[in-house]
Each structure stands twice: as C-alpha cells, then as structure tokens.
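Colleague: generate coordinates for the sequence data below:
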Amino acid sequence: MEDAVSEEYKKELREKMKEHIGKLHEDFAKKEQVLLQQVQQKETEYTARLAEEKIKLQQSVEDTLRKSIHADFENQLKLLQQSNKDNELKLQDARAKQLEYMKKEQELKNKEQEMDIQIQKTLLAEREKIAEEMRKLEEQKTTTREMEYQLKMKEMEKQLEDQKKLVDQMKRKAEQGSMQMQGEVQELLLEDLLRNNFPFDQVNEVGKGAKGADCIQTVRNQFGQECGKIIYESKRTQHFSGEWIEKLKADMRATGTDIAVIVTQAMPKDMDQFGEKEGVWICSFAEVNALAHILRDSIIKIYQAAKSQENRGDKMHLLYNYLTGNEFAGQWKAIREGFLSMKLSIQKERDAMEKIWKSREKHLEKVLLNAAHIRGSVEGIAGQDSIDLNLLEDEDKDNLLGN
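Modeller: Numbering: from 1, shown residues only. As a prediction, this is how the structure comes out:
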C-alpha cells in the first residue's frame, strides 16, 4: 500500500512539475519578446540621436575650418608683405656686395697672374732638375744594361761552344714546355760547368725517370784516386719547397754520396745567400762554382787526412776538425766579405737615391702648402665654387696622401 501510494504521489508531482516548467517557459518567452521590443526601440532612438550629433559636429568643424583658413590667409599675407620688404633690403645689400666683390675679383685676378708666373718658374726649375736626374739615371741604366748584355753574350758564346754536342737533346726537351725546358737547361749547364772546371772528376747524369738527383760528381785528386762524391739537385722554380731537402737527403743515403747540394733559383725565406740547411747545401746557379770548389777541396783534404792518419782517428772527427779549422774559416770569410761588399755598394746607391727623393718631396710639400694657403684665402673671399685653384685632381691628391 505504501509503495502504491508513493507511486501515485510521485506521478502527481511529475505532472505538477511539468506544468510549472511549461508556465516558466511561457513567462520567459513573453519577457524575452518584451526585452527585444525595448532593445529595438532604444536602437532606433540612438540612431536618430547619433545622426543629429553628426550633423552638429559637421557644422562645428566647417565653422572652425572657415575661421582657421581665414586667419591663415591673413597671416600669410602679412608674412609675404614683410618678406617683400626684407628682400628689397637684401637686394640693396647684395648689389653693394657685388660691386665690392667685383673690385676684389679684379685684384685676385692680378694676384693670380703673379702667382701663376711664380709657380711656372718654380715648376720649370723642378722639371729641369728632374730631367737632369732622370738623364743620369738613364745613363746608369744604359751602362748597366750594356754590361749585362756583354756578360750574357760571353756566357752564351761559352755555352754554345760547350754544348754543340747537346743541341739535338735540347731540341727534344724544348718541346716539353717552358718550365721543364728551363730546368733541364740549368741541369745541362750545371753538368758542363762541373766538367769544365774539374776535368779530373767524373760527372754522371742521372737518367730521366730514374730515382735520384740530377747529377753526381765523383771527386778525384791529381793522382786519379776517388776521394768522395757530391750529389746535385737543380731547381728552377718561383718558390722553394722544404720537401726538396728531405728528398735529396734520401737520395744521398741511397747513392752513398758525402755531400748534397741544391742549386735553386728561389732561395728559402730565411736565407739570402748560399749556406747549409738541415745537412744540405743550398745555393744559386751563380754561386755553385765557388761552392763546388770549396766542397771539393774539403773532400780532397779530408781524404788526404784520412789516408795520412788511417787507423788513428775517425773520419767524422777529421771532417769536424777541418770545418772548424782556420783554413775553412778563412775561405768562408773571403766569400762573405765579397758578398758584404756587393751588398754595401747596393745600400749606398739606395741611400743616395732616397736622399734625392726626400729633397724633391720637401720642395713639393712647400709648393702645395703655399698653394693651399692661397686657395683658402680666395675661397674665404669669393666662395668655394667661384675659382678652381686645385693643383692636383682629387684622385692624384688621394694617391699623394696615401703615399
């Protein structure tokens, strides 16, 4: 009974709840419609009011613009009137200044003519000095060229006499390119130089494609006894390579030679004349003759000393004694004195020329300084663009200042 009553009660409550919710929905819809009508009415009122405000604002802006334009026009008219008065006064001042400027311009022209005459005189004297110095330099160059030409002619005559039998070989090598040809020519000249200067020695050429240096000189004394060997590597390139030293040392060990020499056109960076570097002698082609004499004499003397003191000392000890002895030191000193004398002569010539250049530079600076003072005075009076008083173009001036 309680369950049945509870179900009927719940059902009745559900129905009342549905009716209540339906009434709430109806009331909400009515209120929503009323609110929409109110919102539309407010929007209509705001739109009308906004239109009225726009019209009022537009009228106010137009009035303000009219007043502003009228006031600006009156101010501009006043400014133009005042400007006309100022321009008339400036025109009078300008005419007076123009008259004064014309007088000063005439004076400047007179001074400019006088200054041109002085500058022309100075430049003419400088040109004569420069021409005289250039003539002397040309005479010195001509004398030097003639001496070089005579030396080259004698050298060529000797080479032609010594190399008649190698003409065909050099023709074949000339087809292999200029760099290779130059290197091979130096090799041939080196071999001929060694054969001509040391007729007792045996100079063997290392064949092309064979491993080793360019030639080997077997040193013999006056009795025909073999005293030692010198290996030569000839290089004629623009830059010296440190790998040549290690390669020649390996070739020296492989061939059993005593001394290794590199004859090169390009010396190492830390050497300006012939000398020893890492156990290998390095020299130019012009120095190889003197160096070969020294090395050959040292080998012969070491051999003789070894023969006279056989079984009493070590060969390396004898070589050390010779290289640290007075004879070798005297020969080396004589060679160094010759090179230092040549270097001192070149330095004296260079110092004399630098002294002449400094003197010319001082004269030129004096002329440019005076010209700059005159230019500054003229530009201060006549203006920068009135008269061109530049002695140098802008590019020449930059180069002069850069130097």
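
Colleague: can I get stretch 265-273 in CSV, CA atoms only?
Modeller: Extracted C-alpha coordinates of stretch 265-273, given in CSV (Å, rounded to 0.1, in the frame of the first residue of the first chain):
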residue,chain,number,x,y,z
GLN,A,265,116.7,29.9,-58.4
ALA,A,266,114.4,30.6,-55.5
MET,A,267,116.2,30.6,-52.1
PRO,A,268,114.5,29.7,-48.8
LYS,A,269,112.8,32.6,-46.9
ASP,A,270,115.4,32.5,-44.1
MET,A,271,118.4,32.5,-46.5
ASP,A,272,119.6,35.4,-48.7
GLN,A,273,122.8,33.7,-49.9
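
Colleague: who does the longest helix along the chain touch, helix- and strand-wise?
Modeller: What stands out as the longest helix in the chain, according to DSSP state H, is helix 2-162. Counting contacts by 3 or more Cβ pairs under 8 Å, 6 or more residues apart in numbering; DSSP states H and E, helix 2-162 is packed against helix 178-197, helix 326-382. In this view, the C-beta of every residue, glycine as well, is placed from N, C-alpha and C.

Colleague: between helix 2-162 and the longest one, find me the angle.
Modeller: Counting by axes from the mean of the first three to the mean of the last three Cα atoms, to 10 degrees, helix 326-382 points 110 degrees away from the direction of helix 2-162.

Colleague: from the contact counts, what lies against helix 326-382?
Modeller: helix 2-162, helix 288-308.

Colleague: same thing but 10 Å
Modeller: Under the contact criterion of 3 or more Cβ pairs under 10 Å, 6 or more residues apart in numbering; DSSP states H and E, helix 326-382 touches helix 2-162, helix 288-308, helix 315-323, helix 394-402.

Colleague: the second one packs against which elements?
Modeller: Contacts of helix 288-308 with other secondary structure elements, assessed using 3+ Cβ pairs under 10 Å, 6+ apart, are made with helix 178-197, strand 215-220, strand 226-235, strand 259-264, strand 280-283, helix 315-323, helix 326-382.

Colleague: give me whichever of these is most buried.
Modeller: Highest mean neighbour count among the helices and strands packed on helix 288-308 (mean count of other Cβ atoms under 10 Å): strand 259-264, with a mean of 25.

Colleague: what about dumping the CA coordinates of that strand to CSV?
Modeller: C-alpha atoms of strand 259-264 as CSV (Å, rounded to 0.1, in the frame of the first residue of the first chain):
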residue,chain,number,x,y,z
ILE,A,259,127.7,16.0,-49.6
ALA,A,260,124.3,17.1,-51.1
VAL,A,261,123.8,20.4,-52.9
ILE,A,262,120.6,22.0,-54.2
VAL,A,263,121.1,24.6,-57.0
THR,A,264,117.9,26.7,-57.0
